[in-house]
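>>> Sequence plus predicted model, see below.
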Amino acid sequence: MSTAHASALEAPATSRVKGYWKEYNSSVFSLLVFLLIWELVCRLGFISRFQLVPPSEVIVVMIEKFWTAPPDGATLFTHIAASMTLALVGFCAAVVVGVPLGLLMGWYKPVMVLVRPLFDAVRPIPPIAWIPLAILWLGIGIEAKAFIIWLAAFVPCVINSYIGIKLTNPVLIRVARIYGASNWETFIKIGVPSAVPMIFTGLKLSLNAAWTTLVAAELLAASEGLGYMIQMGRRLARPDIIIVGMLTIGFTGALMSYVLTKIESRIASSRRL
Amino acid sequence: MANAAAANLKEKIGAVFSFVIFLALWQVASMAVGSEALPSPADVVAKAQEMYTSQIGGKSMWMHIYYSLRRVVGAYLLAAVTGIPLGIAMGWNVKFRKIANPIFELLRPIPPIAWIPIAILWLGIGEGPKIFICYVGAFVIFVMNTYTGMRYTDHLLIDAARTFGATRRQQLFNVAIPASLPSIFAGVQNAMSMAWMCVLAAELVGAREGVGFIIIQGMDLNNSPMIIVGMITIGLIGLFLAVSLRYLEKLLCPWRRELQ
Amino acid sequence: MTNQQLSENYHRGKEVKVSVTDLTKKYDDLLVLNDISFNIYKGEFLCIVGPTGCGKTTFLNCLSRFIPTTRGDILVDGQPADPTHHDMAFVFQEVSTIPWLSVEDNIRFGLKVKRRPPDEVERRTEQMLELVGLKKFRSYFPRQLSASMEQRVVIARNFALNPDILLMDEPYGQLDLKLRYYLEDELIRIWQEIGCTVLFITHNIEEAVYLAQRVLVLGQKPATIKEEIIVDLPRPRNFADPAFVKIRDHVTDAIRWW
């Protein structure tokens, strides 16, 4: 709303670059001040270098981490690849199981009646609380982590698919039924397509949950990955490594969400929804 | 109406049935893989009885729960009193938004759990890092929801207030904030479940008390019944927190319609 | 000609398409439809009018087997009505275009569910696109269309089946007056071209008299058939025509319950 108002008041004559600058100059300024304060706090010795290092050093370490393995045992790229593989495997497995389950729950009453109570009973337990049991069962290898991530991503997939198909316009169901479509055909041709937007919302939440949980799992049991990297940074009292790891975690997570949003808008525009 | 009652009854029977099947499967699985790896439901009940009457790591189970709750509630309240005003300020004042948003946007994608190592580095291994992690988790959600609520306030409402000659201050306190309450309250729920998850994560990584400590202790002792009792406790507390917040919301925000 | 004679003439020698006998519907103790019996003839345009809330929609839902009847038979060509067997079509009060299908896919939808052979699907779709004048908009999505175009898509989708019976449940109730007149004329034109059996339900008396060959008046709850009125006016009909007004007043009197 307010952006529309603002842009309407903006003079059309200003060039694009100038407009951008006007829009963002205070943002750039605020970031610079933030970094400057950080730098000064460290340089002036208000804080020990075992707790925080100045941003200039963080940048240097980040660039170096692209090809150097020490002190945490792997290059940044190796960590990213390990974490992303794990997160995507867990996420995809959750989508493959969770979305159909949610859809079936929303459409077929018996499935709902049978599965819903179990689902509701397990849901309040945060996926992270499964970590000890998963490690006990599956060891500290990739299986335990994949299981935890799967669990974390599974819940939003189910819930959103369920809600999505529940919100199907009843008139459209009747349209299919009057033409003599079977319940299954109505499910496939009417129910599932109407749930698509909600399913995508669920996928985004799932991906987020998968990424968060991955970090937790890697903090506890891993020999590579971004969570392991920041944990090593703590053990070695290397705040620079931790901060590089945290920024990479944030950036990679945001990148994956962005890709998913792009896919969604591609699909939505082909259906003009 | 008789139909509705019958449907309700059917659902309840289904729920019971589903639990019975679940317990039976659990029992069978436990017999198949041995109670070492997967304790039977009876084992878990027995363990629960033991845990709630004896001490673990020098503290009773209730003390562990108390510790976790204290961390969560403390951090949660702190996040609410700082996050909501910040969100309102970011939503209301353009200049403030332009200053605060970039820093916030930079830090927001970092999951709160990723703050654990640096929090330990900064604050040691006491209460500090746990409260800090919960705070970060809840704070981001409070700010985001408040901010979104403020930004999507219907401009018509503000304009209406303006035609009545409301001052800028009145527009904020009598229109914009009440209009964004539903969004804020959505954040209230999410922030709590996020804080609860964060306290667990923090306790898993390093703690000597709390429910997260219980399950990690169970793992170290190779004691799966202990982990399961811990997990059930965690689930119940999470449920309790969610239900009490919902009750509070109904009390404070009675015009909000429930979305089933 | 008296009404009696008119009625006798009308019913003589017509082929029954749908026959409804003793249709009764109860919700628990609430009697909604009470012993309704009538025939619909092949190719007929029949309107049912009644006050709001008299059970018109329940009646249609029973007819289309969305809800089970308490008692009574509904036969189509002598067989019990069944959407999987008979070609039924339904135009709802709400606009019922399928939002993720293009105009042409919307029209194909019923034909495909009915498993008609592909060449027939294409032929009928082309014919209907032509008939409702949406050829240029074939790849548009419902969101991009105006309300009247959306209703035309729905009508095309239903007429494409060449259904045994087309049920219409106040399809123009939500539209403004000008659009309604336009779509009523369109409906009559397509009906005359395709020639299928239409059962049109409305609370609007003028609309009923304008469209129908025969009007059935339903009474208040529980709904029963109060009167049958034959409308033997030539088309296109004129609202100001004294004959039209006479029939309209007659229907209004029949519907009056106060």
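It's in.
>>> gap between the host helix or strand of residue B:218 and the chain center?
Assigned by DSSP states H and E, residue B:218 belongs to helix B:211-220. Remark: helix B:211-220 is offset 20 Å from the chain centroid, using CA atoms, centre = their mean, to the nearest Å.
>>> so what does it touch, helix or strand wise?
For helix B:211-220, the packing partners by 3 or more CB pairs under 8 Å, 6 or more residues apart in numbering or on different chains; DSSP states H and E come out as helix A:131-138, helix B:61-92, helix B:177-205, helix B:224-252. No exception for glycine: its C-beta is placed from N, CA and C like everyone else's.
>>> And for the first one, what's in contact with it?
The contact list for helix A:131-138, computed with CB atoms under 8 Å, 6 or more residues apart in numbering or on different chains, reads A:144-145, A:147-148, A:216-217, A:220-221, B:37-38, B:204, B:215-216, B:218-219, B:222, B:224, B:227-228, B:230-231.
>>> Pull out the buried members of these.
When burial is judged by neighbour count using 16 or more other CB atoms under 10 Å in any protein chain shown, the buried members of those are A:144-145, A:147-148, A:216-217, A:220-221, B:38, B:204, B:215-216, B:218-219, B:224, B:227-228, B:230-231.
>>> Which parts of the stretch 151-258 of chain C are strands?
Using DSSP state E, counting those that start in this stretch, the strands found in the stretch 151-258 of chain C span residues C:165-169, C:198-202, C:214-218, C:225-230.
>>> any idea how far the residue lying farthest from the centre of chain C is from residue C:55?
Within chain C, residue C:29 marks the point farthest from the mean C-alpha position, 29.1 Å out by CA atoms, centre = their mean. With the distance defined as CB to CB, to the nearest Å, residue C:29 ends up 15 Å from residue C:55.
>>> same check, this time on residue A:217
Distance, residue A:217 to residue C:55, by CB to CB: 60 Å.
>>> Also residue B:53?
Separation of residue B:53 from residue C:55 (CB to CB): 65 Å.
>>> Between these two, tell me which one has more neighbours.
Applying other CB atoms under 10 Å in any protein chain shown to residue B:53 and residue C:55 shows that residue C:55 carries more neighbours, namely 25 against 9.
>>> Phi, psi for that one please.
Main-chain dihedrals, residue C:55, degrees, to the nearest 10: phi 100, psi 20.
>>> How about the one 10 residues further on?
In this entry, residue C:65 is assigned phi and psi values of phi 70, psi 30 (degrees, to the nearest 10).
>>> Might you report the residue contacts of it?
So, once contact is read as CB under 8 Å, 6+ apart, residue C:65 ends up touching C:74, C:81-83.
>>> how about 7 Å then?
For residue C:65, the contacting residues are C:81-83, by CB atoms under 7 Å, 6 or more residues apart in numbering or on different chains.
>>> now it: how far from chain B?
Plainly put, residue C:65 is 19 Å away from chain B if you go by CB to the nearest CB, to the nearest Å.
>>> Which residues of the stretch 51-200 of chain B lie near chain A?
Listed as neighbours of chain A in the stretch 51-200 of chain B under the rule CB under 7 Å from any CB of the partner chain: B:95, B:98-99, B:101-103, B:109-111, B:113-114, B:116-118, B:120-122, B:151, B:155, B:196-197, B:200.
>>> One more pass at 6 Å, please.
If contact is defined as CB under 6 Å from any CB of the partner chain, the residues of the stretch 51-200 of chain B in contact with chain A are B:98-99, B:102-103, B:109-111, B:113-114, B:117-118, B:120-122, B:155, B:197, B:200.
>>> Look up how far chain B lies from the closest residue to residue C:239 other than its chain neighbours.
Setting aside the residues directly before and after it, residue C:239 is nearest to residue C:206 in space (CB to CB, 6 or more residues apart in numbering or on different chains), at 6.7 Å. To chain B, residue C:206 is 38 Å away according to CB to the nearest CB.
>>> how close does residue C:206 get to chain A?
Using CB to the nearest CB, one obtains 26 Å as the distance from residue C:206 to chain A.
>>> now do residue B:88
Using CB to the nearest CB, residue B:88 is found at 14 Å from chain A.
>>> and that residue, what does it touch?
Under the criterion of CB atoms under 6 Å, 6 or more residues apart in numbering or on different chains, the contact partners of residue B:88 comprise residue B:146.
>>> Equivalent analysis for the one 5 residues further on, please.
Taking CB under 6 Å, 6+ apart as the contact definition, residue B:93 lies against nothing.
>>> remind me which residues of the stretch 51-200 of chain B are low pLDDT?
Low-confidence segments of the stretch 51-200 of chain B, defined by pLDDT under 70: none present.
>>> Closest residue of it to chain C?
Among the residues of the stretch 51-200 of chain B, residue B:152 lies closest to chain C, at 22.3 Å counting by CB to the nearest CB.
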